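> The amino acid sequence is not available; the structure is as follows:
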């Protein structure tokens, strides 16, 4: 779409905003016009928070999660079990699991999964750091909290291989029909797995 | 949705980004994580372009369109007809009409339409400036390029009333079935108007 701008400042802002993922030229224009009309300090808040974020955010030296300091709050917490590590792809997965308030172990954020198609190999991920953690010997269990995709499975297989000479126990998060999901809409593989992995029914639970 | 952030910088950026229209917390997190992982100067480009936009953009003193200088390029252009003014709601409408490359007159940007429900009255719009332009006597025609909504119609009626003692000709952009649109999906009012406003068919045109 061609756009004839009446202002080069507007044009530059639209160009910049449309570099964001899933923000097209039209959405970028809508955002820029919103900021022009806004009478609060919203534009400054956004611009400064982005600069501050980019300049200050770091990664936890222990688990590779995003953090403000060298060691993240979860790794620092004395109430977490340090012998169980949940291996996840990114910080969003950590947030999703933390939101459940059901997990008391710590994490390891890989920063992605192995993906031959996208050219992501083990060396692009935080795998050596994980190996080091396991080899230090205080980890009893690694829970593979990766998505049940081909790349996720590949990564789990790779991790299990390079850790096979340690005695860490590797487990997978359960795969099955989602709560609230209707069986008929689940895919075949999920249904098949959920039957294979069936669990005893305990009445009254 | 609750979100447990591992970084307060991330949290602040997500808070700020989610102040943008139609950007929820999840989208804001996705945008922030994208910027964290970006290795170019994208974050700086976005932040600086927004600050520059907000500090420098102004409105054309003649037509109220967004501009970088006191008078916009369209009002300055010597190739535009100054006796025809197309009255539109906002800068996006100007851009849409300019994109057609079919209009050689100039514009007047109202900055909205009269909307009793949203508490927008004539005094909130650039109506006095339009009246001044017409009363200077060099305008032959005002084309009302406003959306055919109730608020749009109200605004057109109001403008026609306050300009009734001038001899400016007021016209409306044609309303009808959109090119490429299917008749059966057009609403009744549009179909009715398109029949009332039918035009002679000229074979071969």
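Received the coordinates, thanks. Bear in mind that the values here come from a model prediction, so they are computed numbers and not experimental data. Residues are numbered from 1 along each chain as shown, chains lettered A, B, ... in the order given.
> top helix in chain A by residue count?
helix A:42-56 (DSSP state H).
> average pLDDT across the following helix or strand past that one?
Note on helix A:42-56: by DSSP states H and E, the next helix or strand toward the C-terminus is strand A:58-59. The pLDDT scores in strand A:58-59 average 96.
> Same check on stretch A:24-36?
95.
> how about that stretch: buried residues?
A:27-33, A:35-36 (16 or more other CB atoms under 10 Å in any protein chain shown). For glycine as for every other residue, the C-beta is placed from the backbone atoms N, C-alpha and C.
> can you list those residues in CSV and add distance to residue A:126 and secondary structure?
As requested, the buried residues of stretch A:24-36 are exported to CSV (distance: CB to CB, whole Å; DSSP: H, G, I helix; E, B strand; the rest coil):
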residue, distance to residue A:126, secondary structure
A:27, 33, helix
A:28, 33, helix
A:29, 39, helix
A:30, 37, helix
A:31, 34, helix
A:32, 37, helix
A:33, 41, helix
A:35, 37, helix
A:36, 42, helix
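> restrict those to those near chain B?
A:27, A:29-33, A:35-36 (CB under 8 Å from any CB of the partner chain).
> Please identify which of the residues you listed is nearest to residue A:159.
Nearest to residue A:159, judged by CB to CB, of these is residue A:27 at 38.8 Å.
> show me the contacts for that closest one.
Counting by CB atoms under 8 Å, 6 or more residues apart in numbering or on different chains, residue A:27 makes contact with A:17-18, B:22.
> Taking these, please make a ChimeraX selection of just the buried ones.
Per 16+ other CB under 10 Å, the buried members of the contacts of residue A:27 correspond to this ChimeraX selection:
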select /A:17,18
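> List just the nearest of the contacts of residue A:27 to residue A:77.
residue B:22 (36.0 Å).
> Now name the helix or strand holding the closest one.
Here residue B:22 is assigned to no helix or strand, by DSSP H and E.
> now it: how far from residue A:65?
For residue B:22, the distance to residue A:65 equals 29 Å [CB to CB, to the nearest Å].
> Confirm that residue A:39 sits in a strand.
No: read with DSSP: H, G, I helix; E, B strand; the rest coil, residue A:39 is coil and lies in no strand.
> if I pick the residue nearest the centre of chain A, what's in contact with it?
The centre of chain A sits closest to residue A:90, judged by CA atoms, centre = their mean, with a distance of 2.3 Å. By CB under 8 Å, 6+ apart, the contact list for residue A:90 reads A:109-112, B:33.
> again, but for residue A:74
A:63, A:65, A:80, A:94, A:98, A:106-107, B:6.
> Then residue A:148?
Residue A:148 touches residue A:175, counting by CB under 8 Å, 6+ apart.
> what helix or strand does it sit in?
Using DSSP H and E, no helix or strand contains residue A:148.
> what's the answer for the one 4 residues further on, then?
Taking DSSP H and E as the criterion, the element that holds residue A:152 is helix A:150-162.
> coming back round to it: tell me the backbone dihedrals of the residue nearest to the centre of chain A, please.
Main-chain dihedrals, residue A:90, degrees, to the nearest 10: phi -150, psi 180.
> Which pLDDT value belongs to it?
92.
> Tell me the buried residues in the one helix or strand residue A:132 maps to?
Assigned by DSSP H and E, residue A:132 belongs to helix A:127-135. By neighbour count on 16+ other CB under 10 Å, the buried set for helix A:127-135 is A:127, A:129-130, A:133-134.
> So which of the residues you listed is the closest to chain B?
residue A:129 (16.3 Å; CB to the nearest CB).
> Next up, the contacts around the closest one.
A:64, A:108 are the contacts of residue A:129 under CB under 8 Å, 6+ apart.
> now with 7 Å?
residue A:64 (CB atoms under 7 Å, 6 or more residues apart in numbering or on different chains).
> what about stretch A:87-98, distance to the chain center?
5 Å (CA atoms, centre = their mean, to the nearest Å).
> Flag the shaky bits of chain A, pLDDT-wise.
A:1-2, A:201-205 (pLDDT under 70).
> Domain parsing of it, as residue ranges.
What automatic domain parsing lists as the domains of chain A is A:8-56, A:59-172.
> circling back to that earlier point, in CSV, list the ones next to chain B among the buried residues of stretch A:24-36 along with distance to residue A:168.
Shown next, in CSV, are these (distance: CB to CB, whole Å):
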residue, distance to residue A:168
A:27, 46
A:29, 52
A:30, 50
A:31, 47
A:32, 51
A:33, 54
A:35, 50
A:36, 56
